[in-house]
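Sequence below, structure please.
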Amino acid sequence: MPRLQALSPWTYGPRRRRSPRLVIIWTLTFLFILYITWRYTSNQRKAAAAAQEIADQMLKGRGEADADAGAFGGQHD
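From the prediction side, this is the model:
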């Protein structure tokens, strides 16, 4: 009967044990990817906040110039 089990596609033989070194490498790789993702998103968040602040300052300055020029235009330098 063992011969028939060896030919069956649904039974698998014992798997080799994973080496601790391989597990550590995969874990460190996963943590490194998480760290890089976190750094990238936090930098994007800071850049977006800085860009929003600059845009707000520019629009605020432009709004004051528009108020001086009138509601529908005027000449801007």
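
got the CA coordinates for stretch 36-51 in CSV?
Provided in CSV are the C-alpha atoms of stretch 36-51 (Å, rounded to 0.1, in the frame of the first residue of the first chain):
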residue,chain,number,x,y,z
ILE,A,36,10.4,52.4,3.7
THR,A,37,6.6,52.7,3.1
TRP,A,38,6.2,54.6,6.3
ARG,A,39,9.0,57.0,5.5
TYR,A,40,7.7,57.6,2.0
THR,A,41,4.2,58.4,3.2
SER,A,42,5.3,60.6,6.1
ASN,A,43,7.5,62.6,3.8
GLN,A,44,4.7,62.9,1.3
ARG,A,45,2.4,64.1,4.1
LYS,A,46,5.0,66.7,5.2
ALA,A,47,5.5,67.9,1.6
ALA,A,48,1.8,68.2,1.0
ALA,A,49,1.4,70.2,4.2
ALA,A,50,4.2,72.5,3.2
ALA,A,51,2.8,72.9,-0.3
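
Low-confidence regions, the chain specifically.
Within the chain, the stretches with pLDDT under 70 are 1-11, 62-77.

What are the boundaries of the helices in it?
2-7, 20-69 (DSSP state H).

Packed most tightly, which of the ones you listed would that be?
Among the helices of the chain, ranked by average contacts under mean count of other Cβ atoms under 10 Å, first place goes to helix 20-69 (a mean of 10). C-beta here means a position set from N, CA and C on the backbone, and glycine is covered the same way.

which helices and strands does that one pack with?
In terms of contacts (3 or more Cβ pairs under 8 Å, 6 or more residues apart in numbering; DSSP states H and E), helix 20-69 is not packed against any helix or strand.
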